[in-house]
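Visitor: no FASTA, just this:
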Ligand SMILES: [Zn+2]
């Protein structure tokens, strides 16, 4: 038996492409994962608010490269340092400020949750559609989130169970629920397929 992903859509977030900034904002913070699209750069450049910043987040294991002149308007930061700097960044933001997020779906929701914890309102946080089909999945056995999964059957990074990836998205976890595929018969491993949007 092969689960049909397309017929089980229940709680997947819907994302609309955002092409322009909200007018009359007093501070726009553009947060991008790994690279910055032309769309985000254009929105940043056309944004006329008094304060704005464009941050490219890289993983804590990567080195920051700053040689490209075209990237000079982009501030590169490692994830850990960026999260640490957010309280100070947000202290300058008012209710009319906006954060524009771009990256993988897992990244979007990780940053979203951090911004909410730091006092931003959901309406202030604007997400672009995820740049990949990868998903973060929540393991119901060990409660671990495995990030960046791209197959419908994937291994939990903690307990190593084989998990089927559902279309049930939890905003609280910022991840999709999953369930073990071979709970009754360890040898019953279904065909592994790439995830689609
Ligand atoms: Zn697990």
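Guide: Yep, it's here. Here the structure is a predicted model, which means the values were calculated and not measured. Numbers count the residues shown, from 1 in each chain.
Visitor: check contacts around residue 17.
Guide: Taking CB atoms under 8 Å, 6 or more residues apart in numbering as the contact definition, residue 17 lies against 39, 128, 129. Every residue, glycine included, has its C-beta placed from N, CA and C.
Visitor: how near is the last one to residue 195?
Guide: Same thing as residue 129. 15 Å (CB to CB, to the nearest Å).
Visitor: So what touches the host helix or strand of residue 30?
Guide: Per DSSP states H and E, residue 30 falls inside strand 27-33. Residues lying outside strand 27-33 but in contact with it, judged by CB under 8 Å, 6+ apart, are 21, 36, 40, 43-44, 47, 49-57, 74, 82, 89, 92-94, 96-104, 107, 111, 131.
Visitor: returning to what we had before: between the contacts of residue 17, which sits nearest the ion?
Guide: Each of those was scored against the ion by CB to the ion, and residue 129 proved nearest at 28.4 Å.
Visitor: gap between the closest residue to that closest one other than its chain neighbours and residue 109?
Guide: Using CB to CB, 6 or more residues apart in numbering and skipping the chain neighbours, the partner closest in space to residue 129 is residue 15 (3.9 Å). From residue 15 across to residue 109, the span is 11 Å (CB to CB).
Visitor: how about the strands in the chain?
Guide: Along the chain, the stretches classed as strands by DSSP state E are 27-33, 51-58, 75-78, 98-102, 125-127, 135-138, 145-149, 153-155, 162-170, 175-180.
Visitor: Now tabulate those strands in CSV and tack on distance to the ion, mean neighbour count and mean pLDDT.
Guide: Formatted as CSV, the entries for the strands of the chain read as follows, by distance: least, CB to the ion, whole Å; neighbours: other CB atoms under 10 Å; pLDDT from 0 to 100:
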stretch, distance to the ion, mean neighbour count, mean pLDDT
strand 27-33, 25, 24, 96
strand 51-58, 26, 19, 93
strand 75-78, 27, 16, 91
strand 98-102, 27, 23, 97
strand 125-127, 27, 19, 97
strand 135-138, 9, 25, 96
strand 145-149, 8, 19, 95
strand 153-155, 9, 18, 94
strand 162-170, 7, 19, 93
strand 175-180, 9, 21, 94
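Visitor: can I get these in TSV with distance to residue 64?
Guide: Output for the strands of the chain, formatted as TSV (distance: least, CB to CB, whole Å):
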stretch	distance to residue 64
strand 27-33	14
strand 51-58	7
strand 75-78	5
strand 98-102	18
strand 125-127	25
strand 135-138	25
strand 145-149	21
strand 153-155	30
strand 162-170	32
strand 175-180	28
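Visitor: so which of those strands gets nearest residue 187?
Guide: Among the strands of the chain, the nearest to residue 187 by CB to CB is strand 162-170 (11.0 Å).
Visitor: which of the contacts of residue 17 are buried?
Guide: Restricting the contacts of residue 17 to buried positions leaves residue 128, with burial counted as 16 or more other CB atoms under 10 Å.
Visitor: So which of residue 15 and residue 109 has more stuff around it?
Guide: For the pair residue 15 and residue 109, the greater number of neighbours falls to residue 109 (23 against 14), based on other CB atoms under 10 Å.
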